[in-house]
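Participant: Kindly generate the corresponding structure for this input.
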Amino acid sequence: MKFSKFGQKFTQPTGISQLMDDLGDALKSDQPVNMLGGGNPARIEAVNELFLETYQALGNDGSFREDINSTATSSMANYSNPQGDAAFIDALVGFFNRHYDWNLTADNIALTNGSQNAFFYLFNLFGGAFTDEKSESVDKSILLPLTPEYIGYSDVHVEGQHFTAVLPHIDEVTHDGEEGFFKYRVDFEALENLPALKEGRIGAICCSRPTNPTGNVLTDEEMAHLAEIAKRYDVPLIIDNAYGMPFPNIIYSDVTLNWDDNTILCFSLSKIGLPGVRTGIIVAAPEVIAAVSAMNAVVNLSPTRFGASIATPLVENNAIKDLSDNDIKPFYQQQAKTAVTLLKKELGDYPLVIHKPEGAIFLWLWFKDLPITTLELYETLKEKGTLIVPSEYFFPGVDISDYKHAHECIRMSIAADKDTLTKGIAVIGEVVRGLYDGAK
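Facilitator: A predicted model of the protein is given here:
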């Protein structure tokens, strides 16, 4: 059977397909797997209890009845319009205006079937072939100002890959008074001197905050500088808040969240504990929302309403923010401390450096001068029942063939229970110690 170029592109092996396949295989395996590789959020009791209560309330208020006159928040028996569930959008407008005074209206928000769906739309809207003022074709890229970046961005363009990326400054830092940590910072000198930016070949700037895979949190100064560059070159700044403020707020530094008409904010219900409902949120200027809504109509007819129905009351009464601040963030902060302690115990005398834990649900581990690539390390760990994600997948838009650092890091999830975390880190420690010892 022959596929089109579109079909060939989306059926070739990719980092994100491997990640999701490994996640699925681990869940159905009859052998124990130390699942430290996926992006699935942790099971937090307070979170699950609140979602269960809300779900049960939906069944009692008529949300599942085939009754177009139901007074329920959102009926499961009807499509929404392509923009998304109106009640949830209205609740989000009220929430963001209460907490941030952005003066949003319903025209500023659209829903998608998860944030991966949102980035498929946005990266194809702003990256790829454009027609300039002279009716000539210009290929524009999405500029990633700091790599490594999210594995799921790499392959979303309908045709080819359209990324330009900047490698980071790497600073050695302390964390909780300890050595053995580093932090990525934006290399603004390299960014400002990019030929693609100066020549008008950038369609948008995008960053995640906190960053998946590293847990790095761009400072307010870095964000303000990126916003200024975006406005100067008349391109939007897209910010991926899947792990950020205000929900799930897995972010430990003191930072602010800003929005204006040149900013596109993307949120998700996944990391508050609802990955299966596939609900993404885009906050943007009305013309972007209209474009996303039109794409929703073609690709999905309309976004799913289930996640919106669960989240609407939690947004209206601020419970989603309270849950994020008081349960979700402290949980992961403690998980990070536990994981760091275990890693230091296993590899404290070896060349391990950890990216400073500032947020998200991962640790980013750098094994300096590792004798093998982390793609090879991944395969070895997988054979021993422990899943991580190798660093090579996290550098879209960069030729990493001669960039040693990109072959020496792994992303490790900290969302697992303590027993799995302990066993998984013990396996990582055993394998990595053997590699260094064997190379002496």
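Participant: doesn't Tyr393 fall inside a helix?
Facilitator: Yes - per DSSP: H, G, I helix; E, B strand; the rest coil, Tyr393 lies within a helix segment.
Participant: That one: how many residues sit nearby?
Facilitator: 23 (other C-beta atoms under 10 Å). For glycine as for every other residue, the C-beta is placed from the backbone atoms N, C-alpha and C.
Participant: What score does it have for pLDDT?
Facilitator: pLDDT for Tyr393: 91.
Participant: Determine the three-state secondary structure at Ala242.
Facilitator: Under three-state DSSP, Ala242 comes out as coil.
Participant: same question, Gly84
Facilitator: coil.
Participant: need the contact list for it.
Facilitator: Listed by C-beta atoms under 8 Å, 6 or more residues apart in numbering, the contact partners of Gly84 are Ile109, Ala110, Leu111, Thr112, Ser293, Asn296, Ser302, Pro303, Ala308.
Participant: And Val217, by the same measure?
Facilitator: If you count contacts by C-beta under 8 Å, 6+ apart, then Val217 has Arg209, Pro210, Thr211, Ile251, Tyr252, Ser253, Val255, Glu358, Gly359 around it.
Participant: Val166: which of the residues you listed is nearest?
Facilitator: Thr211 (13.3 Å; C-beta to C-beta).
Participant: mind checking the SS state of that closest one?
Facilitator: coil.
Participant: what does the one 10 residues further on give?
Facilitator: Classification of Glu221 using three-state DSSP returns helix.
Participant: Between the contacts of Val217, which has the least confident prediction?
Facilitator: Ser253 (91).
Participant: so it makes contact with Lys356?
Facilitator: No - in this structure, Ser253 is not within contact of Lys356 by C-beta atoms under 8 Å, at 9.5 Å.
Participant: neighbour count winner among those two?
Facilitator: Applying other C-beta under 10 Å to Ser253 and Lys356 shows that Lys356 carries more neighbours, namely 22 against 12.
Participant: in terms of contact, does that one touch His175 like I think?
Facilitator: Yes - contact between Lys356 and His175 holds when scored by C-beta under 8 Å: they sit 5.0 Å apart.
Participant: any shared contact partners between those two?
Facilitator: In terms of C-beta under 8 Å, 6+ apart, Lys356 and His175 are both contacted by the residues Phe181.
Participant: Can you report how many residues lie near Val166?
Facilitator: That count, for Val166 with other C-beta under 10 Å as the rule, works out to 22.
Participant: no wait, Glu192
Facilitator: Counted with other C-beta under 10 Å, the neighbours of Glu192 add up to 13.
Participant: May I have the phi/psi pair for it?
Facilitator: phi -70, psi -20 (degrees, to the nearest 10).
Participant: list the contacts for His162?
Facilitator: His162 makes contact with Phe123, Gly127, Gly128, Asp139, Lys140, Ser141, Ile142, Gly203, according to C-beta under 8 Å, 6+ apart.
Participant: Kindly report the same for Ile410.
Facilitator: Ile410 makes contacts with Trp364, Leu365, Phe367, Thr374, Leu377, Tyr378, Ile388, Val389, Pro390, Ser391, as judged by C-beta under 8 Å, 6+ apart.
Participant: Equivalent analysis for Ala406, please.
Facilitator: Going by C-beta under 8 Å, 6+ apart, the list of residues near Ala406 reads Pro148, Ser391, Glu392, Phe394, Phe395, Val398, Ile400.
Participant: Which parts of the stretch 201-350 of the chain are strands?
Facilitator: Assigned by DSSP state E, counting those that start in this stretch, the stretch 201-350 of the chain shows strands spanning 202-208, 237-240, 263-268, 280-283.
Participant: and the first one, what other elements does it pack with?
Facilitator: For strand 202-208, the contact count by 3 or more C-beta pairs under 8 Å, 6 or more residues apart in numbering; DSSP states H and E identifies helix 115-126, strand 137-144, helix 220-232, strand 237-240 as packing neighbours.
Participant: try the second one
Facilitator: In this structure, strand 237-240 makes packing contacts with helix 115-126, strand 202-208, helix 220-232, strand 263-268, judged by 3+ C-beta pairs under 8 Å, 6+ apart.
Participant: If we use 6 Å, what do you get?
Facilitator: Here strand 237-240 touches strand 202-208, helix 220-232, strand 263-268, going by 3 or more C-beta pairs under 6 Å, 6 or more residues apart in numbering; DSSP states H and E.
Participant: Ser17: which element?
Facilitator: In this assignment (DSSP states H and E), Ser17 forms part of helix 15-28.
Participant: helices or strands next to the helix or strand following that helix in the packing?
Facilitator: The element immediately downstream of helix 15-28 (helix or strand, assigned by DSSP H and E) is strand 34-35. Where contact means 3+ C-beta pairs under 6 Å, 6+ apart, strand 34-35 is packed against helix 418-438.
Participant: Tell me which residues of the helix it packs on come out buried.
Facilitator: For helix 418-438, a neighbour-count test (16 or more other C-beta atoms under 10 Å) marks Thr420, Leu421, Thr422, Lys423, Gly424, Ile425, Val427, Ile428, Gly429, Val432, Leu435, Tyr436 as buried.
Participant: May I see the buried residues of the host helix or strand of Glu189?
Facilitator: Assessed by DSSP H and E, Glu189 sits inside helix 188-192. By 16+ other C-beta under 10 Å, the buried positions in helix 188-192 come out as Leu191.
Participant: State the distance from the nearest residue to Leu257 once chain neighbours are set aside to Ser324.
Facilitator: Taking C-beta to C-beta, 6 or more residues apart in numbering, and ignoring the residues beside it in sequence, Leu257 has Met245 as its nearest neighbour in space, at 4.4 Å. Distance, Met245 to Ser324, using C-beta to C-beta, to the nearest Å: 9 Å.
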